[in-house]
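Asks: got a structure for you, letters missing:
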C-alpha cells in the first residue's frame, strides 16, 4: 500500500483523496497528476508495512510501560483512580472530533488522549477496591497470552486453517476437566462422545446447549411440537437463560422459573421442580431442559445437583449446569462438593475470566454428547471442506464456533497452561 502525502493518499488504482479523484489511467482531476501506479507527482510516497517488526518492538515497549504504569498506579495511588467513573452520560462526545482524524497521530498523542479523555470514563474493574458484580481478574500470564494471540493472529474455523488452534483447545480443556474432576464422559479422550469447547461467554454456552437440547427432543417428537416444549430454571437463574430460550423459539410462557427462598439458600427446590414437571406432562407439554446454577449472579446460590440430576434422569430431560461464577472454585478439593452430582449432567460451563486470572472473556463448555451440538449447529459450505482426515472431536470444536471465537482461544489456552496448572502444582 502506498500513501502520497501532500495532495492526499492514492492507492495502486490511481485513487486519491484530498484534492480530487483519479481514474484507472492515473489522470488526476484537480491540482496535479497521479500516474497509473498511484504515485502523486511532487508528493512524498511512503510504503506502508502494517506489521513492521522494529516499529512493533519500539512501540510495544511504550505500550507495555503504559499498561504496567496503570496497574502500578491502581495499587499505589488509588485516590487518583476512583473505581466508579465520575463522568456523565455522553461526556466523550464533546471531547472527540465529529469525524475521524485525516492524519495519523503518534502513539504518544494517542496515549495522552487515553489518559485525559478515556481514563476518566473507565470503571476500574482491576482496582483492588472493586467489589461489584463479579471478580474480573487478569494476570501477567493472561496479558502475555493476549499478546501472543494478537501476534500470531490466526483463525481456526477448520482444523486445516490452524491445526494447533484446534488440537491445543481439545487438550487443554481435557486438562481443565481433570482439574475439576469432571466425569470421564466430558473428556475428548473418554469412553463416550463428550468433549470441551471454548465459548466467548457463559451466555453463548447456555444458548448453544439450549439449541442442542431442543433439536434432540424435536428429532424424537417432531418439529411441529415446538410450541409444547418447556424449560425449567429458578428465579435466581441468570437472565441469559430466558434470552437463550427465546432465541431458540421457546414460548415465553413455557419458561418455568421456580420460586426460591432462604429455606433452601435460594437454590432450586427439587420438590418444586418435580411437581412442575408432573403438572406440565399432565397438560401435554414436553419438558426437555433444566438449567441448574452453581453460583447465581443475584445471590451466589448453588442448586442441589444430586436431586436435580436424579429428576432429569428420571424424565429424560437435558440437565445443564451453569457454573459461570462458582465453578472456578471447584478446582480446589475443598470446594469440589459444590458440583457433586455433575455425573448426571449433560453439559457444564464455567467462566475462567472470573476467578482464574484469565482476561475477558473465556467460557469453557463441556458436553456429554458432542454430536447433539454438531447436529444442531454444523454448517458444511464448500470453502470449509478439505481432504485431510481428522477425528470427530476436531470437527466438534470447529463446527459449533464462529471464526472470531478462535481469536480468543490461543491466549486462553496459553494462560490456562501457565497460570492455572502452575498454581495448582504449587498448591499441592
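Replies: Everything's here; your move. Keep in mind that this is a model prediction, so the values were computed, not measured. Residues are numbered from 1 along each chain as shown.
Asks: confirm that residue 167 sits in a strand.
Replies: No - counting by DSSP: H, G, I helix; E, B strand; the rest coil, residue 167 is not part of a strand but helix.
Asks: and the pLDDT at it?
Replies: Here the pLDDT value assigned to residue 167 is 85.
Asks: distance check, it against residue 369.
Replies: 21 Å (C-beta to C-beta, to the nearest Å). (Glycine included, C-beta is placed from N, CA and C.)
Asks: likewise residue 50?
Replies: Taken as C-beta to C-beta, the span from residue 50 to residue 369 is 44 Å.
Asks: between these two, which is the more surrounded one?
Replies: residue 369 (18 against 6; other C-beta atoms under 10 Å).
Asks: tell me which residues touch the more buried one, please.
Replies: Applying C-beta atoms under 8 Å, 6 or more residues apart in numbering to residue 369 gives the contacts 192-194, 346.
Asks: same thing but 6 Å
Replies: Neighbouring residues of residue 369 by C-beta atoms under 6 Å, 6 or more residues apart in numbering: residue 193.
Asks: any idea where the strands of the protein begin and end?
Replies: 2-5, 21-22, 28-29, 44-47, 195-199, 229-234, 255-258, 286-293, 318-322, 347-349, 363-367 (DSSP state E).
Asks: save these as CSV, and put in mean pLDDT, mean neighbour count and distance to residue 272 too.
Replies: Listed next are the strands of the chain as CSV, based on pLDDT from 0 to 100; neighbours: other C-beta atoms under 10 Å; distance: least, C-beta to C-beta, whole Å:
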stretch, mean pLDDT, mean neighbour count, distance to residue 272
strand 2-5, 40, 17, 67
strand 21-22, 41, 20, 70
strand 28-29, 41, 17, 76
strand 44-47, 60, 11, 69
strand 195-199, 90, 27, 29
strand 229-234, 98, 25, 9
strand 255-258, 98, 18, 5
strand 286-293, 98, 26, 12
strand 318-322, 98, 27, 16
strand 347-349, 97, 27, 22
strand 363-367, 93, 27, 27
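Asks: what comes up buried for stretch 163-182?
Replies: Buried residues in stretch 163-182, defined by neighbour count with 16 or more other C-beta atoms under 10 Å: 165-170, 172-177, 180, 182.
Asks: do stretch 305-316 as well
Replies: Those would be 305, 307-312, for stretch 305-316 by 16+ other C-beta under 10 Å.
Asks: re the thing from before, closest to residue 239 out of the buried residues of stretch 163-182?
Replies: Residue 239 lies nearest to residue 180 out of the buried residues of stretch 163-182, by C-beta to C-beta, at 25.3 Å.
Asks: report the central residue of the protein.
Replies: residue 200 (1.5 Å; C-alpha atoms, centre = their mean).
Asks: mind checking how far residue 215 is from residue 290?
Replies: 17 Å.
Asks: spatially nearest residue to residue 360 (excluding sequence neighbours)?
Replies: In this structure, residue 360 finds its nearest non-sequential neighbour in residue 353, 5.0 Å apart by C-beta to C-beta, 6 or more residues apart in numbering.
Asks: give me the pLDDT for the one you found.
Replies: For residue 353, the predicted pLDDT is 81.
Asks: isn't it up against residue 362?
Replies: Yes - shown here, residue 353 and residue 362 form a contact pair, counting by C-beta atoms under 6 Å, at 4.9 Å.
Asks: the stretch 201-350 of the chain: helices as residue ranges?
Replies: 202-221, 239-247, 270-282, 305-315 (DSSP state H, counting those that start in this stretch).
Asks: would you mind finding the most buried of those?
Replies: helix 202-221 (a mean of 21; mean count of other C-beta atoms under 10 Å).
Asks: distance from it to the middle of the chain?
Replies: 19 Å (C-alpha atoms, centre = their mean, to the nearest Å).
Asks: over to stretch 172-187?
Replies: Worked out by C-alpha atoms, centre = their mean, stretch 172-187 lies 20 Å from the chain centre.
Asks: stretch 325-336 now?
Replies: 21 Å.
Asks: next one: stretch 300-315
Replies: For stretch 300-315 - counting by C-alpha atoms, centre = their mean - the centre lies 27 Å from the chain centre.
Asks: avg pLDDT for that stretch?
Replies: pLDDT averaged over stretch 300-315 gives 97.
Asks: give me the residues contacting that stretch.
Replies: So stretch 300-315 is contacted by 236, 265-268, 270, 273-274, 277, 290, 292-294, 319, 338, 341, 344 (C-beta under 6 Å, 6+ apart).
Asks: one more time with 8 Å, if that's ok
Replies: 234, 236, 260, 264-268, 270, 273-274, 277, 281, 287, 290, 292-296, 317-319, 321, 325-326, 338-346.
Asks: and residue 291, how far from residue 209?
Replies: 9 Å.
Asks: check residue 101 too.
Replies: 45 Å.
Asks: quick revisit: give me phi/psi at the residue nearest to the centre of the chain?
Replies: Dihedral pair for residue 200: phi -70, psi -40, per degrees, to the nearest 10.
Asks: my read: it touches residue 364, true?
Replies: No - shown here, residue 200 and residue 364 do not form a contact pair, counting by C-beta atoms under 8 Å, at 11.2 Å.
Asks: residue 59 reaches residue 108, doesn't it?
Replies: No - counting by C-beta under 8 Å, residue 59 does not reach residue 108; the two are 9.7 Å apart.
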